[in-house]
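Participant: Compute the structure for the input listed below.
(2 chains)
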Amino acid sequence: MRSDQNDVVDLVAYARDGDEQAISRLITIHKGLIYTIVIRMVSNSDTARDLTHDAFIRAFRKIRDLRAPGLFRPWLCAIARRIVLDHFRSEKRKRTVSLEEIGEIGVEPDHAAARRRVIIQDALTQLNPRDRLLLVLAYYQGFSHAEVAQTMKIPESNVRVYVQRARDRLRKLLKGREHDLLS
Amino acid sequence: MISCPESEKIQALRSGSLSAEEARLMQSHIETCPACRQELEVETAIDRELALEIRAPEIEASVLRELKILGLAEAGDSRHDFYKYLLYAALIVVFGFLIMPHLLHLPPLRIGQLFSPDRLRPLISVFQSNLPVTIGIGFALLSISLLFSFPRLRKAFEL
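Facilitator: Purely as a prediction, here's the structure:
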C-alpha cells in the first residue's frame, strides 16, 4: 500500500511535466474508482463514461495546482464529484432512472447478482447525491475516512456518523425488498 | 418479512460499535432468530454490493488524445513555467555575467557600467575574437534548458 502510494506520487510528478506514460498509468490505476463513483451517481453507462473522461481531462489540466501529490486520489474524486454535480445542474432536473438504464451499469452473468445490483442502484438514486457519494467512497476498498473527508470537504471526525446516516437511509429505502435481495 | 426488535442492533454489530459483551449476546441471538439472521444477510448483501468496483471502459487513449489537442500534456502550467524560466534566467546571469567574464579575463563587473557603450564595445570585440568559447557556452546553456524542458530526458538523467 505504501509503495503503491509512492508510485502514485512519482507518477504525479512525471504527469505534471506532461509525461504521457505517467498520465496513462494514473488513469489506469484510478479509472475504476472514478467510473464507479460516477456511474453510481448517474446510473447511465454512456454518461458515466463521458463524465469519467471529463474528470480526468480536468484533473490533468489542473494537476500542477495539486500541492500534495500524496492526496491525488481524494483530489481526483473531488473533481469527479464536481463534474457530476455540474452535470446534474446542467440537466436541471433530478434524474429519474429507469430500470433498463440501471441494468447498464454492469453486465452480470449471475441473474441474482444483477437483480440485486438493480435494486440497490435504484435505492441509491433515491438518496441525495451527497449521501450517494458518501456511501460509494466509504465502501470503496482501501478508501480511508481521511480521504472521504478530503473528497467531501467535511471534518474527518464526522465521516463515520454521516456514512451511518446515509446507510440507514439506504436501508429504509430497501424495506420490503429483502426477499428480492436475498433470492 | 418477519421482524424482531433486536434486528436494530445488526448494523451496530457490523460496524463494531457494540461492546464485546453486547456483540457476544447479539451473535447468540442471531443463531436462534430467523428475522435477525435474514436482516444480517440483507445487510451483508447491501455492503457487498456497495463495495463493488464497476469495471471502467478504456479511456486512456481518448483522454491522452484530448490532452494533446488541448496542448496540455506537453505544455506546462504558467506558474511552474515561471519558476522554470526563473531558473534559466538565473543560470544565464551566472554564466553570462560572472563565469564568462572571468573566463575571458574581463575587468571586474560594475553594475553602473554594465550597459555603458564603453563597456559593451570591448565585450563585443572579445566575443568576436573568442567565437568558439561563446558558442561553447551557448551550447551548454541550451543543453541545460533541454534537460529541464523534456521530462523524458530529465528522467533518463535522474535529475
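
Participant: What mean pLDDT does stretch B:56-76 get?
Facilitator: When pLDDT is averaged along stretch B:56-76, the result is 79.

Participant: actually stretch B:21-35, not the one I wrote
Facilitator: Taken as a whole, stretch B:21-35 has an average pLDDT of 88.

Participant: what do you get for stretch A:173-183?
Facilitator: In this model, stretch A:173-183 has an average pLDDT of 85.

Participant: Where is the longest helix in chain B?
Facilitator: If you go by DSSP state H, chain B has its longest helix at helix B:131-149.

Participant: Run the chain-centre distance for that helix.
Facilitator: Helix B:131-149 sits 28 Å away from the centroid of its parent chain (C-alpha atoms, centre = their mean, to the nearest Å).

Participant: what helices or strands is it leaning on?
Facilitator: Counting contacts by 3 or more C-beta pairs under 8 Å, 6 or more residues apart in numbering or on different chains; DSSP states H and E, the secondary-structure elements packed against helix B:131-149 are helix B:78-93, helix B:151-156. All C-beta atoms are positioned from the backbone trio N, CA, C, and that covers glycine.

Participant: what's the least confident stretch among these?
Facilitator: Averaging pLDDT over each of the helices and strands packed on helix B:131-149 singles out helix B:151-156 as the lowest, with a mean of 53.

Participant: How many residues are close by the residue nearest to residue A:26 when sequence neighbours are not counted?
Facilitator: In space, and not counting its chain neighbours, residue A:26 is closest to residue A:11: 5.1 Å by C-beta to C-beta, 6 or more residues apart in numbering or on different chains. In terms of burial, residue A:11 registers 20 neighbours under the definition other C-beta atoms under 10 Å in any protein chain shown.

Participant: Could you chop chain B up by domain?
Facilitator: When chain B is parsed into structural domains using automatic domain parsing, the resulting residue ranges are B:5-50, B:76-156.

Participant: now, of those, which is deepest in the fold?
Facilitator: Here the criterion is mean neighbour count by mean count of other C-beta atoms under 10 Å in any protein chain shown, and of the domains of chain B the winner is domain B:5-50, at a mean of 15.

Participant: Nearest residue to residue B:53 in space, ignoring adjacent ones along the chain?
Facilitator: If you skip the residues right next to it in sequence, residue B:53 has residue A:32 as its closest partner in space, 4.7 Å away by C-beta to C-beta, 6+ apart.

Participant: was I right about that neighbour contacting residue B:55?
Facilitator: Yes. Under the criterion of C-beta atoms under 8 Å, residue A:32 lies in contact with residue B:55, with a separation of 6.9 Å.

Participant: So the two - more neighbours on which side?
Facilitator: Neighbours per residue, other C-beta under 10 Å: of residue A:32 and residue B:55, the larger number sits with residue A:32, 15 against 12.

Participant: Does the more buried one belong to a helix, a strand or coil?
Facilitator: Under the three-state scheme (DSSP: H, G, I helix; E, B strand; the rest coil), the conformation of residue A:32 reads as helix.

Participant: before we move on, which element is residue A:113 in?
Facilitator: Using DSSP states H and E, residue A:113 sits within helix A:111-126.

Participant: State the number of residues packed around the residue lying closest to residue A:145 once chain neighbours are set aside.
Facilitator: Leaving aside its sequence neighbours, residue A:145 sits nearest to residue A:159 (C-beta to C-beta, 6+ apart; 4.3 Å). Summarising burial for residue A:159: neighbours were counted as other C-beta under 10 Å, giving 20.

Participant: how much does whatever helix or strand residue A:159 lives in deviate in direction from helix A:111-126?
Facilitator: Using DSSP H and E, residue A:159 sits in helix A:156-173. When axes from the mean of the first three to the mean of the last three C-alpha atoms, to 10 degrees is applied, the directions of helix A:156-173 and helix A:111-126 differ by 120 degrees.

Participant: mind checking how far helix A:156-173 is from the chain centre?
Facilitator: Using C-alpha atoms, centre = their mean, we find the averaged C-alpha position of helix A:156-173 to lie 16 Å away from the chain's own average C-alpha position.

Participant: do stretch A:154-161 as well
Facilitator: Centroid separation between stretch A:154-161 and its chain, computed with C-alpha atoms, centre = their mean, is 18 Å.
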